[in-house]
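**Student:** below are the sequence and a predicted model; questions follow.
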Amino acid sequence: MVQVKQYHLPPTPLIPNSPQPLLHYINLLPSPCPSLIHETLDRNAWATQWIYRYGATQPSHYHSRIHEAMVVLSGTATIRFGVADTSPDLHHNTWGSAKEDGGVELAAQPGDVFVIPAGVAHKTFDARPAASLSLLTPGEGRGIPGPEALVGIRRDGFTMMGAYPKNCGHWDFSVGGDDVGDFRASWDVPRPERDPFLGDSGEGVVGLWRATALPERRGTGAKL
């Protein structure tokens, strides 16, 4: 049985978040193999775009017009969802108080999958084993030339694989405040037709993300 946890993250003054829940599939892939993962994603109409090895921390950000699936391949880390950084100082906004109130921090381990609705902020930090940030796939992290690009990738830190619904473009990097006054554009991104790993099963996106009647916003702090 698939263990899926759902997290409903309301909008903040800086981050749209989403009416759809963040999904955390715990240990969905006990022996994550990039090439086999790519094949599964491809069958379910999701496109692999990158594998990154993460450093100690990164800026909080969101993808404003596209949903994202992230697969943990190796190592461990903490991922903060749902809030923006309020200072460019990475130490202060990671381990200090320079962040918005709210959100949720989740432990990420090999085999975990996160399906992140468009607009939901996320920030990976405290990655172990310690390593420097590096893109491990060819190009600029916006697509791979083919499954052969995933063969022989060395996973010597906390690494994740990212994928996005096909025919929906590439990810952007919004850090908070970018879309104030237009949060609905993220909220209205269509639900994928298939879950990246569970296909048309009701245990995943197909069953857990439903059509939602969105309220009119009343300023930047409107609630879903």
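**Tutor:** Right, received. Where do you want to start?

**Student:** residue ranges in this protein under the pLDDT threshold?
**Tutor:** 211-224 (pLDDT under 70).

**Student:** mind listing the strands for it?
**Tutor:** For the chain, the strands defined by DSSP state E cover 4-7, 22-25, 46-53, 68-74, 76-81, 104-108, 113-116, 122-128, 134-135, 159-165.

**Student:** got those strands as CSV, with mean neighbour count and distance to Thr40 columns?
**Tutor:** Placement of C-beta: from N, CA and C, glycine included. Formatted as CSV, the strands of the chain follow (neighbours: other C-beta atoms under 10 Å; distance: least, C-beta to C-beta, whole Å):
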stretch, mean neighbour count, distance to Thr40
strand 4-7, 15, 16
strand 22-25, 22, 13
strand 46-53, 22, 9
strand 68-74, 23, 10
strand 76-81, 20, 22
strand 104-108, 16, 19
strand 113-116, 25, 11
strand 122-128, 21, 22
strand 134-135, 13, 22
strand 159-165, 25, 10
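
**Student:** and of these, who's closest to Val151?
**Tutor:** strand 46-53 (11.5 Å; C-beta to C-beta).

**Student:** quick one: list the elements packing against that closest one.
**Tutor:** helix 34-43, strand 134-135, strand 159-165 (3 or more C-beta pairs under 8 Å, 6 or more residues apart in numbering; DSSP states H and E).

**Student:** just the residues contacting the first one, thanks.
**Tutor:** In this structure, residues lying in contact with helix 34-43 by C-beta atoms under 8 Å, 6 or more residues apart in numbering are 29, 47-48, 51, 69, 71, 73, 144, 147, 150-151, 153, 161, 163, 196-197, 199.

**Student:** picking that back up, any chance of JSON lines for the strands of the chain, columns distance to Pro88?
**Tutor:** Formatted as JSON lines, those follow (distance: least, C-beta to C-beta, whole Å):
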{"stretch": "strand 4-7", "distance to Pro88": "26"}
{"stretch": "strand 22-25", "distance to Pro88": "25"}
{"stretch": "strand 46-53", "distance to Pro88": "21"}
{"stretch": "strand 68-74", "distance to Pro88": "23"}
{"stretch": "strand 76-81", "distance to Pro88": "16"}
{"stretch": "strand 104-108", "distance to Pro88": "20"}
{"stretch": "strand 113-116", "distance to Pro88": "23"}
{"stretch": "strand 122-128", "distance to Pro88": "13"}
{"stretch": "strand 134-135", "distance to Pro88": "22"}
{"stretch": "strand 159-165", "distance to Pro88": "23"}
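
**Student:** between these, which gets nearest to Leu14?
**Tutor:** strand 122-128 (12.9 Å).

**Student:** show me the contacts for the residue nearest the centre of the chain.
**Tutor:** In the chain, the residue lying closest to the centroid (C-alpha atoms, centre = their mean) is Ile116, at 4.3 Å. The contact partners of Ile116, taken as C-beta under 8 Å, 6+ apart, are Leu22, His63, His67, Glu68, Ala69, Met70, Phe81, His122.

**Student:** report the contact partners of the third one.
**Tutor:** With contact set as C-beta under 8 Å, 6+ apart, His67 has these partners: Val115, Ile116, Pro117, Ala118, Tyr164, Pro165, Cys168, Val189, Pro192.

**Student:** residue contacts, the third one?
**Tutor:** With C-beta under 8 Å, 6+ apart as the criterion, the residues that contact Pro117 are Asn17, Ser18, Gln20, Pro21, Leu22, His67, Val189, Trp209.

**Student:** list just the nearest of those to Pro59.
**Tutor:** Set against Pro59, the nearest of the contacts of Pro117 by C-beta to C-beta is Asn17 (16.8 Å).
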